[in-house]
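Asker: would you be able to build a 3D model of this:
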Amino acid sequence: MYTKLKQREEGFSIIEVLIVLAIAGLIMLIVFLAVPALQRNSRNTQRRSQVAGYLGATTEFMSNNNGALPTTVAHATTINGLAADSIMTEPTVAPAVGAQAGVISNNGPFQLVTAAKCDTATIGNTIAGPARAVALRFATENSTGGNVPQCQEG
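Answerer: Next up, the predicted model:
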């Protein structure tokens, strides 16, 4: 009795392997596009958090000093000790007064402005405000890494 042995083919065909590789490539592409945006959003959130903390510390400074605004470099740099790993750094100059314009770097110091409020016509600038008002000028990142001027009142 003669029995013919059937040969079995094992493994994947080239088409199946190519389909799996194409799907893996698409997943990697999506991840590589999403990660930088998530990192940028995280840095921008950290910047906004630091600004809010600094404004809170400025308000506390005013409360502890009978309503006096910070006026010197020493006042500006000792209000709120930012951690060494902070994205932004504290102001390196005395607080400005009134209307301020110009470029603020998204990885440099922010600017404390006293007797000012945020300008609604030009984002990121300040205009003269009440004597006890304070505003912080800072910048966040856009999708290309450029500066997006911001202003927040305290």
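
Asker: name the helices or strands packed onto the longest helix along the chain?
Answerer: Longest helix of the chain, by residue count under DSSP state H: helix 14-64. If you count contacts as 3 or more CB pairs under 8 Å, 6 or more residues apart in numbering; DSSP states H and E, helix 14-64 packs onto strand 134-141, strand 147-153. Where you see a C-beta, it was placed from the backbone N, CA and C, and this is true even at glycine.

Asker: again, only this time at 10 Å
Answerer: helix 73-78, strand 111-114, strand 134-141, strand 147-153 (3 or more CB pairs under 10 Å, 6 or more residues apart in numbering; DSSP states H and E).

Asker: spatially nearest residue to the most centrally placed residue in the chain (excluding sequence neighbours)?
Answerer: With distances taken as CA atoms, centre = their mean, residue 44 lies nearest the centre of the chain, 1.6 Å away. Of all residues not flanking residue 44 in the chain, residue 140 sits nearest, at 4.3 Å (CB to CB, 6 or more residues apart in numbering).
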